[in-house]
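Enquirer: For reference, the sequence and a predicted model appear below.
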Amino acid sequence: MDFRLTDVQEMTRDMVRDFAQNEVKPAAIILDKNAKPEDCIPWDLLKKASKLGLRTAAIPEEWGGEGADYTTLALILLELGKADHGFASIIRGCYTESPRLVHELTPEQRDEWLPKFLKDDTFLLGLGRTEPDAGTDSHFLYDEPGKSIQTYAELQGDEYVINGTKHFISSGGAAKLYFLYVRTDKKGPISTSMSVILVPSDAPGFTIGRYHNKFGRRLLPNAELVFQNCRVPAKNLIGIAGEAWGSEGEGGGGPQKDWTKGPGAPPPFGLLGAAVNLGTVIACYEEAVNYCRQRIQGGRPVIEQQHVAIDLARMKVQIAAAEALLFKTCFAWEERYDYDPKMGMLFKAFVDEIGLSIASKSIALFGGMGTGDDDFPISKYVRDVYTFLHGFSTTEVALLIGAPTA
Ligand SMILES: Cc1cc2nc3c(=O)[nH]c(=O)nc-3n(C[C@H](O)[C@H](O)[C@H](O)COP(=O)(O)OP(=O)(O)OC[C@H]3O[C@@H](n4cnc5c(N)ncnc54)[C@H](O)[C@@H]3O)c2cc1C
């Protein structure tokens, strides 16, 4: 087994680290304080990241992107996550959605949308699946007839007419194109009634409702998507109507598929988002180490107090284990060696768990200085880590491996 990074991977990581620490981190600390979520969107950072090739890194070279391998994408997100979780999550969205432009679209659809995505530095993609009454149920099979998502697309002539509301959609209000999950059959079970339709942000009848005012990851906009007799061409349907369940690659899938190992297997679902989270967890730890080196109490730096050093050592051990799991999963996926798509979920569940403990222990080591945003960014990092807990954590791993959860 060989986990050594290639020269290109090392160069990319160093370039992203430089950009993240010198540009993303200071800008994010300022943007994060804006009162309105829509004012936190980091447009300038996005343009710079795009010029560096980060936005389009997941598109294969032969299709006009950078063709970064999975390990490189994880490295990029780890470094960006150390600087700002929200901004890194925007770039993560590009990596989970943009390959779909290449792999899932028809040649005609691809010709229409891929060049637009490649050329425009601010072109983002969104994935609209969750609804106010269909959260976990939209991702895991709750197959009662007529249940789960309710947004409905009716075929009328050569158009789909869409009605319904999505919420918490990442890059909502900023994205120019959405992969929208709809019902094309109102009464059937979701496993045979769900379809994906491409909806551009300027489609008639499509508006943005409220922006969710999250306490963390504020640079990532999350918004309601509202469809009132929204009309899109029928040719915007991806694949076959009613067969979208489990088609989502990294962003979904569901436990009912018997994913086989080998060339047809999807990437490790959940891994890229959790790589971002691990980056921010590492940032919590590093802030705590730096603070404990400089803070003198009892006549010496607090890092020299034995229980503080032990706390930090435990965090370091957990981080090392998470990094090993991250790169093992990337290796397993890229080599298709002992690979299972659930490995991404396992990694996410592990990072969620150590993330909570490391974030809360780190902020405790700041004493009173941990409670404000002005002197140290630790409270922002902790908010960011806590905003990552929704969805696909231990409960979902339990569901995936078939354990009873109730
Ligand atoms: C920052 C952020 C970004 C997001 N981005 C997107 C996006 O881009 N696109 C999108 O479509 N959605 C997005 N979402 C929505 C996200 O996918 C949902 O929040 C997630 O699926 C959980 O749904 P929910 O919030 O409705 O929680 P619920 O489903 O209401 O769950 C509440 C609790 O019950 C537990 N639970 C639920 N069902 C079960 C069950 N069957 N068995 C045991 N326990 C269960 C859950 O684990 C959770 O602890 C985002 C959310 C956030 C906060």
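Expert: In hand now; what should we look at?
Enquirer: Let me see the mean pLDDT of the helix or strand hosting A324.
Expert: Using DSSP states H and E, A324 sits in helix 306-335. Rounded to a whole number, the mean pLDDT of helix 306-335 is 96.
Enquirer: need the next SSE after it, C-terminal direction.
Expert: Next along the chain after helix 306-335, with elements defined by DSSP H and E, is helix 343-364.
Enquirer: in that next one, what's buried?
Expert: 343-352, 354-356, 358-359, 361-363 (16 or more other C-beta atoms under 10 Å). Bear in mind the C-beta positions are built from the backbone N, C-alpha and C, glycine included.
Enquirer: same question, stretch 65-79
Expert: Using 16+ other C-beta under 10 Å as the burial criterion, the residues of stretch 65-79 that qualify are 65-66, 68-79.
Enquirer: what pLDDT, on average, does it get?
Expert: Stretch 65-79 shows a mean pLDDT of 97 in the predicted model.
Enquirer: For the residue in the stretch 101-250 of the chain that the ligand sits nearest to, the count of nearby residues, please.
Expert: With C-beta to the nearest ligand atom as the measure, G135 is the residue of the stretch 101-250 of the chain nearest to the ligand, at 1.7 Å. G135 has 16 neighbours, counted by other C-beta atoms under 10 Å.
Enquirer: one step back: turn the buried residues of stretch 65-79 into JSON lines, including secondary structure and distance to A49.
Expert: Formatted as JSON lines, the entries for the buried residues of stretch 65-79 read as follows, by DSSP: H, G, I helix; E, B strand; the rest coil; distance: C-beta to C-beta, whole Å:
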{"residue": "G65", "secondary structure": "coil", "distance to A49": "14"}
{"residue": "E66", "secondary structure": "coil", "distance to A49": "12"}
{"residue": "A68", "secondary structure": "coil", "distance to A49": "13"}
{"residue": "D69", "secondary structure": "coil", "distance to A49": "19"}
{"residue": "Y70", "secondary structure": "helix", "distance to A49": "19"}
{"residue": "T71", "secondary structure": "helix", "distance to A49": "19"}
{"residue": "T72", "secondary structure": "helix", "distance to A49": "15"}
{"residue": "L73", "secondary structure": "helix", "distance to A49": "13"}
{"residue": "A74", "secondary structure": "helix", "distance to A49": "16"}
{"residue": "L75", "secondary structure": "helix", "distance to A49": "15"}
{"residue": "I76", "secondary structure": "helix", "distance to A49": "9"}
{"residue": "L77", "secondary structure": "helix", "distance to A49": "12"}
{"residue": "L78", "secondary structure": "helix", "distance to A49": "15"}
{"residue": "E79", "secondary structure": "helix", "distance to A49": "11"}
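Enquirer: Let me know the closest of these to P233.
Expert: For the buried residues of stretch 65-79, the residue nearest P233 by C-beta to C-beta is G65; the value is 25.8 Å.
Enquirer: Please list all residues in contact with the residue lying closest to the closest one once chain neighbours are set aside.
Expert: What sits nearest to G65 in space, not counting adjacent residues and going by C-beta to C-beta, 6 or more residues apart in numbering, is I59, at 2.4 Å. Under the criterion of C-beta atoms under 8 Å, 6 or more residues apart in numbering, the contact list for I59 reads 65-67, 98-99, 101-102, 114, 117-118.
Enquirer: Could you do V232 as well?
Expert: Contact analysis of V232 by C-beta under 8 Å, 6+ apart lists 159-160, 162, 197-200, 203.
Enquirer: ok but it is inside a strand, no?
Expert: Yes - with the criterion set as DSSP: H, G, I helix; E, B strand; the rest coil, the secondary structure at V232 is a strand.
Enquirer: Residue numbering should commence at 9 henceforth.
Expert: Okay, using 9 as the starting number, the last item reads as V240.
Enquirer: per-residue confidence at it?
Expert: Turning to V240, the model gives it a pLDDT of 98.
Enquirer: residue farthest from the centroid of the chain?
Expert: G307 (44.2 Å; C-alpha atoms, centre = their mean).
Enquirer: What is the burial count for S209?
Expert: By the other C-beta under 10 Å criterion, the neighbourhood of S209 contains 17 residues.
Enquirer: Looks like it contacts Y186 (just checking).
Expert: Yes - with contacts counted by C-beta atoms under 8 Å, S209 reaches Y186, the gap being 7.3 Å.
Enquirer: Quick check: neighbours shared by these two?
Expert: If you check S209 and Y186 against C-beta under 8 Å, 6+ apart, no residue is contacted by both.
Enquirer: name the element the residue nearest the centre of the chain belongs to?
Expert: If you average the C-alpha coordinates of the chain and look for the closest C-alpha using C-alpha atoms, centre = their mean, you land on G281, 3.9 Å from that point. Taking DSSP H and E as the criterion, the element that holds G281 is helix 279-302.
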